[in-house]
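Asks: coords please:
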Amino acid sequence: MKLLQSNWMCVLIGTLLYLGTTVAVWKPPVIERHAMIVGDFMGSSPGASWNYHNPEVDELIADITKQRDQLDARARELDSLAARLQLERQEITTITQTVARLQQEFDANVVRVKQEETANLKKLAKIYAAMAPESAATILKELQDDDIVRIIAFMKESESAPILELLAKPGASDAKRAAQISERLRLCLSRPTNEKPRT
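Replies: Here you go, the predicted structure:
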């Protein structure tokens, strides 16, 4: 009786009763029920949550994969276009530089030709001034009005006056031509010296 009333015996009996009650009440299939609920929710048989199969998710993955492939193709096209634009920009730069160089060469040649033409016109003016006015007028009649104006512009007034007089003598049409040449000479001589002649 003393043994049954001891504290140790009460603890031992209480422990055994607790363990027995726990074993009788314990329901281990709770995990299986959870798996069944997840399986029913996902539309597949019970099992681990990462083993389920859902067609909508597969469609989303396929759609995302397709969009990614399209974006990759677009990125490749843009890279190709950027490379082509870079090449075309380099070609345009090269062509622009070539055109600028050719323009400079052309301008230099035009200036050189103008300078040579001016020197040649001065020589011709001296030659015609040294000739008899009748001979000079006879030769100048065969030239174009522009050439006559350019040559006479380099002569002194005393040298050009007799030639113009002889150019106007033979008839009314010759006088009209001499008047037109005189008018053009006036415009040519009235231009300021610092103004460049028109090309």
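
Asks: From A83, how far out is the spatially most central residue of the chain?
Replies: Centrality entry for the chain: nearest residue to the mean C-alpha point is R89, 6.0 Å, by CA atoms, centre = their mean. Counting by CB to CB, to the nearest Å, the gap from R89 to A83 is 11 Å. (C-beta placed from N, C-alpha, C; glycine too.)

Asks: Same check on P170?
Replies: Separation of P170 from A83 (CB to CB): 75 Å.

Asks: go on, N54?
Replies: N54 is 43 Å from A83, by CB to CB.

Asks: rewinding a little: what's the helix or strand for the residue nearest to the centre of the chain?
Replies: Using DSSP states H and E, R89 maps to helix 55-130.

Asks: Which strands and helices lie in contact with that helix?
Replies: Contact here means 3 or more CB pairs under 8 Å, 6 or more residues apart in numbering; DSSP states H and E; on that basis helix 55-130 packs against helix 133-141, helix 145-152, helix 157-168.

Asks: Just give me how far stretch 71-80 sits from the chain centre.
Replies: 20 Å (CA atoms, centre = their mean, to the nearest Å).

Asks: For stretch 169-179, report the contacting residues that lie outside it.
Replies: Identification of contacts with stretch 169-179 by CB atoms under 8 Å, 6 or more residues apart in numbering yields 141, 145, 164, 167-168.

Asks: What are the buried residues along it?
Replies: The neighbour-count check on stretch 169-179 (16 or more other CB atoms under 10 Å) flags 177-178 as buried.

Asks: and what of stretch 112-127?
Replies: By 16+ other CB under 10 Å, the buried positions in stretch 112-127 come out as 121, 124-125.

Asks: Please report how far the residue nearest to the centre of the chain lies from K156.
Replies: For R89 relative to K156 (CB to CB), the value is 59 Å.

Asks: before we move on, what about M131?
Replies: M131 sits at a distance of 14 Å from K156 (criterion: CB to CB).

Asks: Among those two, which residue is more densely surrounded?
Replies: Neighbour tally, M131 and K156, criterion other CB atoms under 10 Å: the higher count belongs to M131, 15 against 9.
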